[in-house]
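Chemist: Sequence plus predicted model, see below.
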Amino acid sequence: MRSLFLILTLLFSGIISVNADLVVYPAPKGAELNADFTVSVRQNNELWQLSPSYQVKVDEVRYAKHNVELASMAYFDFTGEVEISVTYNKGDINEARIRPLSYNIKPEIKGNTMTFKLNQPRNLSVEVNGDIFHNLHLFAGPIDHFKVNKKDKNLVYFGAGIHTPTNGRNFIIPSGKTVYVAGGAILKGQLLVSNVSDVKILGRGLIDVSVKEGIRIENSKNIEVEGITLTQIPVGSSDSVFITNVKSISYYGWGDGMNVFASNNVHYDRVFCRNSDDCHTVYATRKGFVGGCRNITMRNSVLWADVAHPIQIGTHGNTQIPDIIEQLYYSNIDILDHKEMQIDYQGCLSLNAGDSNFIRDVVFEDIRIENFRQGQLINLRVFYNSKYCTSPGRGIENVLFKNLTYTGTNAEFSIIAGYDEQRKVKNITFENLIINGKHITDDMPEKPAWYKTGDMARIFIGEHVQNVSFK
């Protein structure tokens with residue numbers, strides 16, 4: 001009787017589930033779907049449940065021109081172990097790849113269907129016959145334990161269905177509110193978090209792919225965002241922002257995923273970014289936001305830059321009143337792709353100090369970089385880019401790359417370079433750098449005594465650089 005009551009309760013809420021350990025969400029009427037894949041999930045060999053496949057847009061750059069391609073996205077929640085069936089409706093599966101590759105997920109293939117299992121939440125790219133632009137983005141999340149109390153006056157609830165703001169642009173969120181976007185809900189407008197505090201945005205629903213900056217956080221404090229799928233989520237002049245299990249997919253020009261401008265204490269955990277510009281940036285003064293940045297972290301995440309950088313730090317600031325960007329920490333991150341023909345904007349991990357910015361105390365730890373299409377592993381420069389800056393940066397100091405791994409053949413040479421004797425790059429440490437299985441160290445036996453260690457890693461160490469070590 002208890003199981004029957006649970007099933008009826010979930011159905012009434014717009015959720016279909018066989019039991020409390022697996023939850024799938026039906027697509028609302030009018031949702032834009034993609035028929036390339038049929039996705040089903042089950043537990044304990046019970047009945048398969050259909051997980052709707054939505055249409056998302058991604059950006060393919062062919063030579064120097066941008067082209068919008070239609071990919072797929074499906075999502076569900078679970079605990080324990082789940083079995084997933086993905087049928088490719090356009091033909092047979094000759095080969096399949098599930099990324100990040102570090103998860104080591106090997107599907108079984110029969111005809112046009114693959115099956116595989118998961119025993120923990122994962123944000124995945126499922127790719128058939130080498131096609132990365134018409135792939136399936138599969139977001140297998142943790143069970144959502146939030147208890148909806150519709151009598152709570154501080155709850156803004158969006159149930160299953162399509163929701164459009166009355167002003168046609170955005171939903172403005174006041175202080176102290178909890179916004180819940182249920183699985184099966186689609187918002188056709190931005191959630192605007194502006195000049196407020198103590199706001200939570202939770203749920204499993206979507207903000208439509210047509211909405212740029214699906215959630216915008218500005219001049220605010222104590223903000224939490226969890227579980228939503230959207231295009232972009234910029235944070236400007238804000239403090240104490242926590243973004244967890246948020247998925248960002250963009251396709252248009254300047255489609256940065258998760259920007260930070262002039263903010264402190266911004267933390268990302270288990271995010272997925274596939275973007276048509278930088279996946280994640282940390283800038284100082286920019287776009288009306290004023291000041292430096294301190295204590296920015298990203299953990300347990302997946303980044304895919306169809307254009308520009310997976311991580312870009314430091315270009316923009318305040319020449320008149322110089323800013324500091326400091327105490328940045330990135331750990332346990334998989335970088336799936338990087339595609340940038342312009343040499344000025346290459347670098348999976350890029351620290352570019354411009355606009356009199358000073359960048360210091362940065363850690364990249366346990367970073368796995370797959371065989372991206374075009375670009376550099378790292379790019380550390382104090383520079384003056386006249387297109388975007390009004391002055392060179394003041395310096396970069398104290399950067400640690402620990403357990404950085406690259407497996408691939410497409411990396412161009414990386415760059416470490418200062419600007420002049422007053423604007424240096426200093427104290428850069430590589431600890432356990434592995435490129436295609438080879439450890440790069442200052443005492444590696446293959447290195448001739450007259451070589452720079454950077455030569456062995458195809459890293460150009462240029463002028464005005466001090467104290468670079470490979471351990």
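Modeler: The structure has been received and is ready for your questions.
Chemist: okay, CA-based contacts and neighbour counts for the rest of this
Modeler: Fine.
Chemist: what about residue 153, neighbour count?
Modeler: 9 (other C-alpha atoms under 10 Å).
Chemist: From residue 273, how far out is the closest residue to residue 205 other than its chain neighbours?
Modeler: Take residue 205 and drop its neighbours on the chain: the residue closest to it by C-alpha to C-alpha, 6 or more residues apart in numbering is residue 183, 4.4 Å away. To residue 273, residue 183 is 20 Å away according to C-alpha to C-alpha, to the nearest Å.
Chemist: Likewise for residue 149?
Modeler: For residue 149, the distance to residue 273 - C-alpha to C-alpha - is 31 Å.
Chemist: Just the helices from the stretch 101-250 of the chain, written as ranges.
Modeler: Counting by DSSP state H, counting those that start in this stretch, the stretch 101-250 of the chain has no helices to list.
Chemist: which stretch of helix or strand covers residue 260?
Modeler: strand 258-261 (DSSP states H and E).
Chemist: Export only the CA atoms of that strand, formatted as PDB.
Modeler: Output of strand 258-261 as PDB, limited to C-alpha atoms (Å, rounded to 0.1, in the frame of the first residue of the first chain):
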ATOM      1  CA  MET A 258      29.700  30.600 -15.800                       C
ATOM      2  CA  ASN A 259      31.300  34.100 -15.600                       C
ATOM      3  CA  VAL A 260      32.500  35.700 -12.400                       C
ATOM      4  CA  PHE A 261      32.900  39.500 -12.300                       C
END
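Chemist: partners of that strand in the sheet?
Modeler: strand 235-236 (parallel), strand 280-283 (parallel) (DSSP bridges).
Chemist: got TSV for those, with distance to residue 370 too?
Modeler: Output for these, formatted as TSV (distance: least, C-alpha to C-alpha, whole Å):
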stretch	distance to residue 370
strand 235-236	28
strand 280-283	17
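Chemist: Let me know which of those is tucked in deepest.
Modeler: Of the strands paired with strand 258-261, the one with the most neighbours on average (mean count of other C-alpha atoms under 10 Å) is strand 235-236, at a mean of 26.
Chemist: Residues in contact with that strand: which ones?
Modeler: For strand 235-236, contacts defined as C-alpha atoms under 8 Å, 6 or more residues apart in numbering pick out 216, 217, 218, 219, 258, 259, 260, 261, 262, 263, 289.
Chemist: mind redoing it with 10 Å?
Modeler: 193-194, 215-220, 241, 258-264, 266, 282-291 (C-alpha atoms under 10 Å, 6 or more residues apart in numbering).
Chemist: What about these, which are in strands?
Modeler: 193-194, 215-218, 241, 258-261, 264, 266, 282-283 (DSSP state E).
Chemist: Is it possible to get a markdown table of the strands paired with strand 258-261 that adds distance to residue 336 and mean pLDDT?
Modeler: Listed next are the strands paired with strand 258-261 as a markdown table, based on distance: least, C-alpha to C-alpha, whole Å; pLDDT from 0 to 100:
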| stretch | distance to residue 336 | mean pLDDT |
| --- | --- | --- |
| strand 235-236 | 24 | 98 |
| strand 280-283 | 14 | 98 |
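Chemist: beta partners for the residue positioned nearest the centre of the chain?
Modeler: Geometric centre of the chain, nearest residue: residue 273, 2.5 Å, by C-alpha atoms, centre = their mean. With DSSP bridges as the criterion, residue 273 is bridged to residue 248, residue 303.
Chemist: Model confidence for it, exactly?
Modeler: Model confidence at residue 273, given as pLDDT, is 98.
Chemist: How about the one 5 residues further on?
Modeler: As predicted, residue 278 sits at a pLDDT of 98.
Chemist: you'd agree it is up against residue 310?
Modeler: Yes: using C-alpha atoms under 10 Å, residue 278 is in contact with residue 310, at 5.5 Å.
Chemist: what's the least confident helix or strand in the protein, going by average pLDDT?
Modeler: Lowest by mean pLDDT, DSSP states H and E among the helices and strands of the chain is helix 2-12, with a mean of 39.
Chemist: so who does the residue nearest to residue 205 touch?
Modeler: 13-15, 23-28, 75-77, 144, 158-161, 203-206, 227-228.
Chemist: just residue 220 next, same as before
Modeler: 175, 193-199, 235-241, 263.
Chemist: Where does the prediction get shaky in this protein?
Modeler: 1-20 (pLDDT under 70).
Chemist: just to revisit the earlier point, out of the strands paired with strand 258-261, nearest to residue 138?
Modeler: Nearest to residue 138 among those is strand 280-283; the distance by C-alpha to C-alpha comes to 20.7 Å.
Chemist: Now do that closest one: distance to the chain's middle.
Modeler: Relative to the mean C-alpha coordinate of its chain, strand 280-283 is positioned 12 Å out (C-alpha atoms, centre = their mean, to the nearest Å).
Chemist: Equivalent analysis for stretch 196-209, please.
Modeler: 16 Å.
Chemist: thinking again about what came up before, for residue 126, see how far away the residue nearest to residue 205 is.
Modeler: Distance of residue 183 to residue 126, given as C-alpha to C-alpha: 21 Å.
Chemist: what's the answer for residue 408, then?
Modeler: From residue 408 to residue 126 the distance is 19 Å (C-alpha to C-alpha).
Chemist: So between those two, which is more surrounded?
Modeler: The neighbour count for residue 408 versus residue 126, taken as other C-alpha under 10 Å, is higher for residue 126 (23 against 13).
Chemist: Can you give me every residue that contacts the more buried one?
Modeler: 72-73, 86, 96-100, 107, 114, 132, 134-138.
Chemist: Residue 222 now?
Modeler: By C-alpha under 10 Å, 6+ apart, the neighbours of residue 222 are 175-176, 196-200, 238-242, 265-266.
Chemist: Closest one of those to residue 33?
Modeler: residue 200 (28.5 Å).
Chemist: Which positions in stretch 104-112 come out as buried?
Modeler: Residues 107, 109, 112 are the ones in stretch 104-112 that count as buried (16 or more other C-alpha atoms under 10 Å).
Chemist: Give the helix, strand or coil label for residue 454.
Modeler: At residue 454 the chain is in helix, as set by DSSP: H, G, I helix; E, B strand; the rest coil.
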